[in-house]
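J.: give me a model of this one.
(chains A and B)
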Protein chains: 2
Amino acid sequence: MPKVSQAHLLGNITALAEIGAIDDGGCARLALTDEDKAGRDLVTGWMKQLGLEVCIDAIGNVIGLRAGRENVAPIMTGSHVDTVRTGGRYDGNYGVLAGLEVVRALNEARITTRRPLAVAFFTNEEGARFQPDMMGSLVYAGGLGLHEAYAAADKDGLSVGDELRRIGYLGATRPGALKPHAFLELHIEQGPILDEEKVQIGVVESVQGISWTEYTAAGVSNHAGTTPMRLRRDAGYLAASVNLFARQLAREMGGDQVATVGALSLTPNLINVVPNRAVFTVDLRNTDEGRLKQAEARVRAHIAQVAEAERVDVEAKVLARFEPVTFDAGLVDRVEHHARALSLSTRRMPSGAGHDAQMMQRLCPTAMIFVPSVAGLSHNVKEHTEAADLVAGAHVLMNLTLELAEQ
Amino acid sequence: MPKVSQAHLLGNITALAEIGAIDDGGCARLALTDEDKAGRDLVTGWMKQLGLEVCIDAIGNVIGLRAGRENVAPIMTGSHVDTVRTGGRYDGNYGVLAGLEVVRALNEARITTRRPLAVAFFTNEEGARFQPDMMGSLVYAGGLGLHEAYAAADKDGLSVGDELRRIGYLGATRPGALKPHAFLELHIEQGPILDEEKVQIGVVESVQGISWTEYTAAGVSNHAGTTPMRLRRDAGYLAASVNLFARQLAREMGGDQVATVGALSLTPNLINVVPNRAVFTVDLRNTDEGRLKQAEARVRAHIAQVAEAERVDVEAKVLARFEPVTFDAGLVDRVEHHARALSLSTRRMPSGAGHDAQMMQRLCPTAMIFVPSVAGLSHNVKEHTEAADLVAGAHVLMNLTLELAEQ
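T.: Next comes the predicted model:
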């Protein structure tokens, strides 16, 4: 029987984390930077050492292919190796390196599966440097054209196309040319639920739809001492009212609806001046598209009402909008089955964060496996998952991969 | 009969506005900068041309003295000639230059009053570079020690003492050595009430007490998609709730209570992260000290309640606190009398902004005269008052000065 090695898995995670290392054990490998290139080079080297055939596509996605007994559609697993600016060492990297650990274990046990196996890492999942996020998998699944992706520029005006070429990861293969039989993504939860409930494996049924809107409210700046309340046109007041409304909305709607005002800037931002301008964001998520649309409509209606009462003009700009994704029900069942077969506790759950798997579901049956994040910390140098949980997740991935690879 | 000259008054206002001029007719003469020095030099030169004896005190206040028939306590008028970074041409300057115009008119009419007359401009009224604001008049009235005032530093570490010496306005006279019989300050309203009600003269009965507090809320930053609402410790939510509470509080308390959240900064200020830190200010004002204290207590209680429910820690720092000031009732009556005698419409009102006059009330009977600010704009390059209103205010000042100077 093949066996996942904790030493190998953690050794690789630690080695990759040394590239772009920042304080407190965190990582900074923004997509297509020199650090990302160094991380890619390391992982690609490991793929070759494991005997995988490495293929780089035109958006920089890297796929390591292990031949099967038959030349049919492969079972693919993977995630990403780019990070946010102050990221942890597990987000993305864990899924990729666990995939390689499965390959190593199969090599060691001299097992050849019927179907080929593929371990992939996708370009710019985080979207911290270039938008949209999940770019490589989105292009792979046909949801974004290559030229549009190439044109995406960072805040210094450097483009994805130029940066891919510069770091040597602009490959020749057409993204999506290899269509998997099934895709599996193993990932840390990035939320507190598994840790709080002391559950070992999250069986991910769906990914929440995401609605990101930036609002710009324009009122009139006035002296805070001399302007009667009734004459105020306070852009900051409108922004504050949206924050409270978002909380109330999420509570009323219940279920998995979340709503966040994360960013807000006031102008002139002085203690004694009524703000004439507020730029703020609203992040809404729900696993149900109808309910997500309902949340969006209610936020819009609230803003319209307050804007009229306060005589403030408001403009809205959609920054991102992804519909919810439901994973393949049969595959989700098999995640649960294999976790339980290993005597691991499980919990069905949606993913609140976006993942490459949600793009791959457009191409083939897809599922995700979550392991706990201590205290739910993520996009944070303190992101942590216990070694036993990392190994457990890799076990589930291996066993499910072996089953699927014989289909 | 002496007569205020519109040409002279507006000519001087325009000439002074050319020093530190910025776009759209505004002025930038931050206290004790080279621009402030140039403005001071111009006004001091005019004082000398009018035959006034110029006296500079140890905090840089400049007093031009016109001898009376008797050597008794003078009638003093004045304001300030420093501005905020993007200020208008009337705030402060108008009161000083109208005082000089009264002197010019009396000179022209060859009138000598019983009491001496004094026209003053006080150092650093605005507080835009050095805190506290109203510094020169506060020192003059004995509310702040010279050494404490000298030690106040700007954001580059330059001190009031050093900057006074550098620009040549560190005088020898003890501030407050000249105790007036009465003090009058003519000023633009800096608010919308007179303009909105089409009233020509504001009879200022009081200055609102000011309470400025900066709050720092510390929560936990978390992923906006994966963190259930019930687990959030959102510092931005607390700040937003204070904004809405401030509005509700001012509405409930009514009267002249105003409440403003003007400044707010979130950390990390990202669309998809629950803010772990919010630094925001609350500006509360009321003409009644008891009611101002009540407002402060209610804001504190609200914050304590939300902080507990949201599990956010909050620290408070008092940035400024001035009790309300009530001007001399008899003098206020005389402002109203002289305005009406000139067939000008009047309205009794509090001042929402702070003024040097509120410090002078500690020393002697004091009153203020307001003229309209178009659309209430102030601390704004678009600050404007119609010429007829400027002249009307100067007339009231002159006639009241003449009455007081014979007492």
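J.: tell me how many other residues surround the closest residue to chain B within the stretch 51-200 of chain A.
T.: Chain B sits closest to A:G191 of the stretch 51-200 of chain A, with a gap of 2.8 Å, by C-beta to the nearest C-beta. For glycine as for every other residue, the C-beta is placed from the backbone atoms N, C-alpha and C. Residues within reach of A:G191, counting by other C-beta atoms under 10 Å in any protein chain shown, total 27.
J.: am I right that it sits in a strand?
T.: No. A:G191 sits outside any strand when classified using DSSP: H, G, I helix; E, B strand; the rest coil, being coil.
J.: is any residue of the top helix by length along chain A near chain B?
T.: In chain A, taking DSSP state H as the definition, the longest helix is helix A:289-310. No. Contact of helix A:289-310 with chain B (C-beta under 8 Å from any C-beta of the partner chain) is absent, the minimum separation being 9.7 Å.
J.: so which bits of that helix are buried?
T.: A:291-292, A:294-296, A:298-299, A:302-303, A:306-307, A:310 (16 or more other C-beta atoms under 10 Å in any protein chain shown).
J.: how about the helix or strand of chain A with the lowest mean pLDDT and chain B, touching?
T.: The helix or strand of chain A with the poorest confidence is strand A:222-223; it has a mean of 88 (mean pLDDT, DSSP states H and E). Yes. Using C-beta under 8 Å from any C-beta, strand A:222-223 reaches chain B at A:222-223.
J.: show me which positions of the next helix or strand along the chain from that strand end up buried.
T.: With elements assigned by DSSP states H and E, the helix or strand that comes after strand A:222-223 is helix A:235-253. Residues of helix A:235-253 classed as buried by neighbour count (16+ other C-beta under 10 Å): A:235-247, A:249-250, A:253.
J.: helix A:235-253 vs helix B:289-310, what angle?
T.: 40 degrees (axes from the mean of the first three to the mean of the last three C-alpha atoms, to 10 degrees).
J.: and helix A:235-253, average pLDDT?
T.: Averaging pLDDT along helix A:235-253 yields 98.
J.: show me which residues of the stretch 101-250 of chain A are close to chain B?
T.: So the stretch 101-250 of chain A meets chain B at A:189-193, A:196, A:208, A:210, A:212, A:214, A:221-229, A:231, A:234, A:236-237, A:239-241, A:243-244, A:247, A:250 (C-beta under 8 Å from any C-beta).
J.: swap the cut-off to 6 Å and go again
T.: Within the stretch 101-250 of chain A, the positions lying close to chain B (C-beta under 6 Å from any C-beta of the partner chain) are A:190-192, A:212, A:223-227, A:229, A:231, A:237, A:240, A:243-244, A:250.
J.: pick out the most distant pair among these.
T.: A:Q190 and A:T226 (48.4 Å; C-beta to C-beta).
J.: could you find the closest non-adjacent residue to the residue of chain A most remote from its centre?
T.: Residue farthest from the centre of chain A, counting by C-alpha atoms, centre = their mean, is A:T226 at 48.6 Å. Leaving aside its chain neighbours, A:T226 sits nearest to B:G191 (2.8 Å; criterion: C-beta to C-beta, 6 or more residues apart in numbering or on different chains).
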